[in-house]
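[1] Using only what follows, build the 3D model:
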Amino acid sequence: MTHIFVNIQTTDLERSKAFYTALGASINPQFTDENAACIVWDDNVYFMAVTEAYFATFTDKQIVPSRGQAQVLIALSRDSREDVDKAIAAGVAAGGVEPTAPKDYGFMYSRDLDDPDGNGVEFFFMEPQAVEQGPDAYVAEQASA
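    Reported below is the predicted structural model:
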């Protein structure tokens with residue numbers, strides 16, 4: 001089984017922990033210390049919020065600040081459009097920013113959220129039929145109905 005660990009940098013580890021737990025994630029204390037926090041989304045998906053100084057020890061590449069720069073956008077699915085909206089509301093209430101307008105493609109609904117360090121997280125819902133059929137077939141079926 002594959003587990004996904006996404007390393008994100010932070011300037012304030014305690015703020016990151018508070019932000020992501022406000023979104024419904026939990027913290028695994030076994031993998032949390034003064035350098036990093038293991039943020040648990042589910043049994044397979046984790047963020048490692050890592051202090052900037054510690055993050056720099058992982059690579060010889062130049063570290064770009066997450067605020068004002070984008071190298072990756074992390075997308076997490078939710079069970080409904082309402083759950084997407086709830087995640088964004090919780091994130092904004094916890095100090096995040098919604099940098100773009102919601103996107104509704106008919107088969108998929110998504111909203112973006114920047115955490116207090118500027119790391120981008122997208123929450124989306126995709127119609128189960130679109131997952132099974134593919135988006136083009138789903139849209140065509142909806143148009144003919």
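[2] buried ones in the worst-scoring helix or strand of the chain on mean pLDDT?
    Here the helix or strand of the chain ranked lowest by mean pLDDT, DSSP states H and E is helix 135-144, holding a mean of 78. If you call a residue buried by 16 or more other CB atoms under 10 Å, then helix 135-144 has these buried ones: P135, Y138, V139. Every C-beta, even on glycine, is put in place using the N, C-alpha and C of the backbone.
[3] what's the answer for stretch 70-81, then?
    I74, L76, R78, R81.
[4] same deal with stretch 30-45?
    Using 16+ other CB under 10 Å as the test for burial, stretch 30-45 gives T32, A36, A37, C38, I39, V40, W41, V45.
[5] Go through the residues you listed and say which is closest to F19.
    Taking CB to CB as the measure, F19 sits nearest to I39 out of the buried residues of stretch 30-45, at 9.3 Å.
[6] Show the subsequent helix or strand relative to the strand or helix carrying that closest one.
    According to DSSP states H and E, I39 maps onto strand 36-40. Next in sequence after strand 36-40, counting helices and strands by DSSP H and E, comes strand 45-51.
[7] where's that following strand relative to the chain centroid, distance-wise?
    Chain-centre distance of strand 45-51: 11 Å, with CA atoms, centre = their mean, to the nearest Å.
[8] between that strand and strand 36-40, how big is the angle?
    Interaxial angle of strand 45-51 relative to strand 36-40 (axes from the mean of the first three to the mean of the last three CA atoms, to 10 degrees): 160 degrees.
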